[in-house]
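# Structure for the following, please:
(2 chains)
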Amino acid sequence: MKKLVLFIPLVIFLVMGVFLYQGLFLNPKVLDSALEGKPLPAFQLERLEVPSELVTEKDLPAKVSMLNFWATWCPACKYEHPYLLMLSKRNILPIYGINYRDERALAVKELRTQGDPYTMNLFDVNGRMGLDLGVYGAPETFIVDHNGIIRYRYAGPIDQTVWTQTLYPMIQQLQAEAKIDGAS
Amino acid sequence: MKIITHFLLSCASLLFAGSVMATPVDTYEFKSVENQERALALSDQLRCPQCQNQNLVDSNSPVAKDLRLEVYKMVDGGKSDDEIINFMTSRYGNFVLYKPKLDSETYILWLGPFGLLILGLFIGFIFVRKQRIQESESTTLSTEQQAELDALLNNDKTIK
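Residues are numbered from 1 along each chain as shown, chains lettered A, B, ... in the order given. Model prediction:
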């Protein structure tokens, strides 16, 4: 018994060692989204191309969809753009583009010259919707299920790896869920 | 003479510089000084989600600026500290708090140090007690041991 007591520091050291070792491989830029599992917050945004047309969360169809925050000032968005264009051609799910803290004219021009992968373009000029969704940079992508619940947030540009390893399996699963709900 | 006036002037400017605190309140006008103080104290405790190692007051990032303004507005709107902190954590998670709340996820953070302290004291206590027991045992020598010791001591003398 007395000898066992002597091992306590070793045990503490090992436990702490394991935690600290894990910490070496954490990416501090990846924050847990506090909103996963919660409904999409209410919003009212102008359409990017048509300022007079207001869109709210009720206007989005009950489908698994992707919300992609982007801006012309963001280099990573330019990197992700061709991949989104490719995705939009495959017609897997609606992708809503939310132009974040940008200038309308620049954004419209960018989409005209580089191609428009989005089902609909919304204009979040003062970042209000971004704030409600806990966005802290661009690009950020949210996957919303058919009930309007935020299921996943991905911060950073989408590319082949992210899509095949993370996003697509999740979207397939959510679409299967939606099908079951739709059938019953 | 010139040097002295220079010296006095610089002293005076330093004195006044202390009372005029530079605060990045942007151009926001608070309803009262108390509100301003409370809002700044709150933004001081909240971490900027983008820059990560700065609080909302220190950071120049657009997100921090927005959040700062949001905090100011909520303070002026009469919201309590708890409501404002909830607003922040419901969007950005516990990460934005420099001082995390006490909940099931953070028990180890809050109670861990006390646990370690108690454990350390416990181990120390056992260690000290064990030494004391050994000490008291070793003070009494049997007659045989005493004789052996005397022999050794005498031996030592003869060598010298």
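# Just say helix, strand or coil for the residue nearest the centre of chain A.
Geometric centre of chain A, nearest residue: A:T141, 2.0 Å, by Cα atoms, centre = their mean. Three-state call for A:T141 (DSSP: H, G, I helix; E, B strand; the rest coil): strand.
# in chain B, which spans are helices?
Under the criterion DSSP state H, chain B contains helices at B:2-19, B:33-45, B:62-76, B:81-92, B:107-139, B:143-159.
# near chain A, which residues of chain B show up?
B:49-50, B:52, B:62-63, B:66-67, B:70, B:89-95, B:116, B:119, B:123, B:126, B:130 (Cβ under 8 Å from any Cβ of the partner chain). Yep, even glycine has a C-beta here, placed from its N, CA and C like the rest.
# A:V135: neighbour count?
27 (other Cβ atoms under 10 Å in any protein chain shown).
# For it, grab phi and psi.
phi -80, psi 130 (degrees, to the nearest 10).
# give me every residue that touches it.
Residues near A:V135 by Cβ atoms under 8 Å, 6 or more residues apart in numbering or on different chains: A:69, A:100, A:127, B:63.
# And the furthest pair within the residues you listed?
A:F69 and B:V63 (11.8 Å; Cβ to Cβ).
# Just name the shakiest helix or strand of chain B by mean pLDDT.
Every helix and strand of chain B was ranked by mean pLDDT, DSSP states H and E. The lowest is helix B:2-19, at a mean of 63.
# if we can go back for a sec, who's in contact with the residue nearest to the centre of chain A?
A:66-69, A:153-154, A:158, A:167.
# Repeat that for A:Q114.
A:78, A:81.
# Against chain B, how distant is it?
Applying Cβ to the nearest Cβ, to the nearest Å, the value for A:Q114 to chain B is 23 Å.
# Quick check: phi and psi at that residue.
Per degrees, to the nearest 10, the backbone of A:Q114 is at phi -100, psi -10.
# Could you give the bridge partners of the nearest residue to A:L67 once chain neighbours are set aside?
Nearest residue to A:L67, sequence neighbours excluded (Cβ to Cβ, 6 or more residues apart in numbering or on different chains): A:F142, at 4.4 Å. Judged by DSSP bridges, the bridge partners of A:F142 are A:L67, A:R153.
# got the contact list for A:F142?
Shown in contact with A:F142 (Cβ under 8 Å, 6+ apart): A:40, A:66-67, A:133, A:150, A:152-154.
# at 7 Å instead, please
A:67, A:133, A:150, A:153 (Cβ atoms under 7 Å, 6 or more residues apart in numbering or on different chains).
# Show the model's pLDDT score for the last one.
If I follow you right, that is A:R153. On pLDDT, A:R153 comes in at 90.
# so how far is A:N91 from it?
23 Å (Cβ to Cβ, to the nearest Å).
# who has more neighbours, those two?
Using other Cβ under 10 Å, the more surrounded residue of A:R153 and A:N91 is A:R153, with 20 against 8.
# Return the distance of the residue nearest to the centre of chain A relative to B:K73.
29 Å.
# same deal with B:D66?
11 Å.
# Those two: which is more packed in?
B:D66 (17 against 14).
# now the strands for chain A?
Shown for chain A, the strands assigned by DSSP state E span residues A:44-47, A:54-56, A:65-70, A:95-100, A:120-124, A:140-144, A:150-155.
# any chance of these in JSON lines, with distance to A:L35 too?
As requested, these are arranged in JSON lines below (distance: least, Cβ to Cβ, whole Å):
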{"stretch": "strand A:44-47", "distance to A:L35": "17"}
{"stretch": "strand A:54-56", "distance to A:L35": "18"}
{"stretch": "strand A:65-70", "distance to A:L35": "11"}
{"stretch": "strand A:95-100", "distance to A:L35": "15"}
{"stretch": "strand A:120-124", "distance to A:L35": "16"}
{"stretch": "strand A:140-144", "distance to A:L35": "8"}
{"stretch": "strand A:150-155", "distance to A:L35": "5"}
